[in-house]
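Colleague: model this:
(one chain, ligands or ions: 1)
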Amino acid sequence: MAEPHALVSLEGHTLVVTMNRPEARNALTGEMLSIMVEAWDRVDSDDQVRSCVLTGAGGAFCAGADLKSMSRNAPDKSFSNGSFDPSRIEGLLKGRRLTKPLIAAVEGPAIAGGTEILQGTDIRVAAESAKFGVSEPRWGLFPMGGSAVRLPRQIPYTVAADLLLTGRHITAAEARDIGLVGHVVPDGQALARALELAHLINDNGPLAIRAILKTIRDTEGMHEEEAFKLDAKYGIEVFASADAKEGPKAFTEKRKPHFQGR
Ligand SMILES: C[C@H](/C=C/C(=O)SCCNC(=O)CCNC(=O)[C@H](O)C(C)(C)COP(=O)(O)OP(=O)(O)OC[C@H]1O[C@@H](n2cnc3c(N)ncnc32)[C@H](O)[C@@H]1OP(=O)(O)O)[C@H]1CC[C@H]2[C@@H]3CCC4=CC(=O)CC[C@]4(C)[C@H]3CC[C@]12C
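Modeller: Below is the predicted model of the structure:
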């Protein structure tokens with residue numbers, strides 16, 4: 001039987017989503033994207049899930065859209081007949097952000113759609129020989145995963161423009177230097193490091209984590225004064241929770257806090 005194009009497993013409180021077409025460097029398919037949307041829905045709705053890791057099988061993250069199937073079945077048909085709204089591609093987290101932290105664990109290539117989905121993640125770990133790039137224009141394509149908007153907001157403008165316009169690939173070390181990824185680890189260690197970070201997050205108060213993420217997301221681009229109003233609203237809700245009582249109590253009693261998410 002054919003393998004599913006993405007695998008989803010719960011490891012402790014972390015949902016691990018693995019893009020799974022190693023023979024095509026995990027190039028995206030409709031099936032892969034719909035499994036990913038189901039996984040994102042689970043992250044948002046399942047209280048057992050406190051964090052999520054996105055990775056790829058077989059030593060690759062993702063080589064972007066499947067160029068071979070694109071030449072058989074041109075995407076512009078779905079754009080023009082209205083069957084697909086490209087302003088929101090949930091599988092790629094374009095127009096949707098998760099309510100819980102998402103950590104990318106990148107081994108090997110993260111090219112085009114692979115670097116595009118990376119921009120929807122919160123914390124990014126790359127193996128030393130990982131490669132990044134928004135290379136759609138090399139094939140006459142537009143980076144429809146949102147990079148023309150999102151990349152210049154996430155890294156310095158001139159570097160974003162350079163990557164978007166040249167389509168060139170960069171190494172993990174360069175990606176860390178420009179702030180596209182935060183951690184570079186030896187090859188084969190990206191998932192392990194991502195899970196370590198996930199476990200640190202999972203040990204924190206889940207309401208505090210969700211409120212911090214919501215504040216980051218909802219205040220993006222806002223004037224500071226307006227932003228602080230939301231910051232205060234979300235923060236006060238956390239302070240009113242049982243978990244915010246449990247944390248200081250655990251400190252005083254010299255034990256680990258037992259958070260219940262309420
Ligand atoms: C527009 C949005 C995104 C577009 C893109 O991402 S374009 C893709 C650009 N990709 C690349 O430039 C990478 C190409 N690959 C490489 O450069 C190299 O392979 C590599 C650096 C990744 C790896 O090198 P390597 O030496 O290790 O390995 P290789 O030997 O080269 O490869 C091994 C093996 O893998 C095959 N391979 C690699 N990459 C691909 C690939 N991208 N596609 C297919 N196959 C690949 C390679 O051929 C080798 O195999 P072999 O048998 O040996 O030949 C899109 C983002 C989302 C899309 C929408 C999603 C929803 C939709 C649904 C619909 O029904 C309609 C369309 C759409 C709306 C869709 C539209 C487009 C998007 C918005």
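Colleague: which residues does L7 contact?
Modeller: 16-18, 20, 57 (Cβ atoms under 8 Å, 6 or more residues apart in numbering). Yep, even glycine has a C-beta here, placed from its N, CA and C like the rest.
Colleague: and these as JSON lines, adding neighbour count, distance to A242 and secondary structure?
Modeller: Output for the contacts of L7, formatted as JSON lines (neighbours: other Cβ atoms under 10 Å; distance: Cβ to Cβ, whole Å; DSSP: H, G, I helix; E, B strand; the rest coil):
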{"residue": "V16", "neighbour count": "22", "distance to A242": "29", "secondary structure": "strand"}
{"residue": "V17", "neighbour count": "23", "distance to A242": "31", "secondary structure": "strand"}
{"residue": "T18", "neighbour count": "21", "distance to A242": "35", "secondary structure": "strand"}
{"residue": "N20", "neighbour count": "18", "distance to A242": "40", "secondary structure": "coil"}
{"residue": "A57", "neighbour count": "19", "distance to A242": "40", "secondary structure": "coil"}
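Colleague: between these, which sits nearest G120?
Modeller: Distance to G120 across the contacts of L7 (Cβ to Cβ) is lowest for V17, with 12.1 Å.
Colleague: which residues does the closest one bridge with?
Modeller: Under DSSP bridges, the beta-bridge partners of V17 are V8, L54.
Colleague: show me the contacts for it.
Modeller: 6-8, 35-36, 39, 52-55.
Colleague: how near is E107 to G59?
Modeller: 5 Å (Cβ to Cβ, to the nearest Å).
Colleague: compare neighbour counts for those two and give me the winner.
Modeller: Neighbours per residue, other Cβ atoms under 10 Å: of E107 and G59, the larger number sits with E107, 25 against 17.
Colleague: contact residues of this protein facing the ligand?
Modeller: Proximity of the chain to the ligand, by Cβ under 6 Å from any ligand atom, involves residues 24-25, 27-28, 30, 33, 63-68, 75, 78, 84, 86, 89, 92, 109, 111-113, 135-136, 139, 141, 144-145.
Colleague: just the buried ones from the residues you listed?
Modeller: 24-25, 27-28, 33, 63-66, 89, 92, 109, 111-113, 135-136, 141, 144-145 (16 or more other Cβ atoms under 10 Å).
Colleague: is it true that H183 touches A192?
Modeller: No. At 11.3 Å, H183 does not count as touching A192 under the criterion of Cβ atoms under 8 Å.
Colleague: more crowded one of those two?
Modeller: Taking other Cβ under 10 Å, H183 and A192 do not tie; H183 has more neighbours (21 against 12).
Colleague: does anything pack onto the helix or strand of the chain with the lowest mean pLDDT? Which helices or strands?
Modeller: Lowest by mean pLDDT, DSSP states H and E among the helices and strands of the chain is helix 76-80, with a mean of 74. Contacting helix 76-80 under the criterion 3 or more Cβ pairs under 8 Å, 6 or more residues apart in numbering; DSSP states H and E is no other helix or strand.
Colleague: so what does the next helix or strand after it touch, helix or strand wise?
Modeller: Next in sequence after helix 76-80, counting helices and strands by DSSP states H and E, comes strand 102-106. If you count contacts as 3+ Cβ pairs under 8 Å, 6+ apart, strand 102-106 packs onto strand 51-56, strand 123-127, helix 190-202.
Colleague: quick check, the residue in the stretch 51-200 of the chain closest to the ligand?
Modeller: Going by Cβ to the nearest ligand atom, the ligand is nearest to G64 of the stretch 51-200 of the chain, at 2.4 Å.
Colleague: per-residue confidence for that residue?
Modeller: Looking at G64, its pLDDT stands at 98.
Colleague: name the nearest residue to it, sequence neighbours excluded.
Modeller: Using Cβ to Cβ, 6 or more residues apart in numbering and skipping the chain neighbours, the partner closest in space to G64 is A112 (2.9 Å).
Colleague: so what's that neighbour up against?
Modeller: 63-65, 133-136, 141, 143, 145.
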